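Visitor: Sharing a model prediction with you, sequence too.
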Amino acid sequence: MNQPPPIPGSVQPKTSALAIVSLVLGILATMLCFVGPVFGIPAIICGHVAANRINRSGGALAGKGLAIAGFVTGYANLGFLVLMLPIIIPNFMKGRHIGQQNTCIGNLQLIDSLKQQSAIQHPENPLTKENLLRLNTNSVWPVCPAGGTYEIGTANELPTCTIPGHTLTP
């Protein structure tokens, strides 16, 4: 009920600010999962440094549990990301491939529409890159994002790309 008065001369140990920083960074790393290393690595470093300082302080510093929690959450975040890499990387590569394919097909559609426009407006001109560029408002020849090259073909043919799967369907 009644607590005895504090003993004069006894000083409460100060909580390590670095231990608190480590814990906050560890929590941020956990909450912001995929950018977690930005916070997780500093959480690990701060946590270990804080724990070492607390151990060497001779009781003047407290907060070892905070420091441990900080570096454990940092390690947990990095471990989670390492486990997720086999899932993340193939999906990223697949999305990149699909994006390149869709961009290329859009370029082939542009070339085809320029061919049709040229056939209507200037039937006497051959279907060359230079003649089609005169009709293109961008005046820049489209480029396959995967490194393929475009073949214009004749007026009755669809343009093609040298990359397999980058095809325009009728």
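Guide: Received the coordinates, thanks. From a predicted model like this one, the values you see are computed outputs, not experimental measurements. Numbering: from 1, shown residues only.
Visitor: Tell me how the protein divides into domains.
Guide: For the chain, automatic domain parsing gives the domain ranges 14-89, 91-161.
Visitor: which of these sits most buried?
Guide: Comparing those by mean neighbour count (mean count of other C-beta atoms under 10 Å), domain 14-89 ranks first with a mean of 18. Heads up, the C-betas are built off the backbone N, CA and C, glycines and all.
Visitor: any idea how far that domain is from the chain center?
Guide: Remark: domain 14-89 is offset 22 Å from the chain centroid, using C-alpha atoms, centre = their mean, to the nearest Å.
Visitor: what do you get for stretch 108-122?
Guide: 38 Å.
Visitor: that older thread, mean pLDDT for the domains of the chain - can I get that in CSV?
Guide: Below are the domains of the chain laid out as CSV (pLDDT from 0 to 100):
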stretch, mean pLDDT
domain 14-89, 91
domain 91-161, 88
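Visitor: Would you mind telling me which of those is nearest residue 167?
Guide: Nearest to residue 167, of all the domains of the chain, is domain 91-161, at 6.9 Å by C-beta to C-beta.
Visitor: Next, the distance between the ends of the closest one.
Guide: End-to-end span of domain 91-161 (C-alpha to C-alpha, to the nearest Å): 24 Å.
Visitor: For the helix or strand hosting residue 132, name the packing helices and strands.
Guide: Following DSSP states H and E, one finds residue 132 within helix 129-135. Here helix 129-135 touches helix 64-121, going by 3 or more C-beta pairs under 8 Å, 6 or more residues apart in numbering; DSSP states H and E.
Visitor: Would you pull up how far the helix it packs on lies from the middle of the chain?
Guide: 8 Å.
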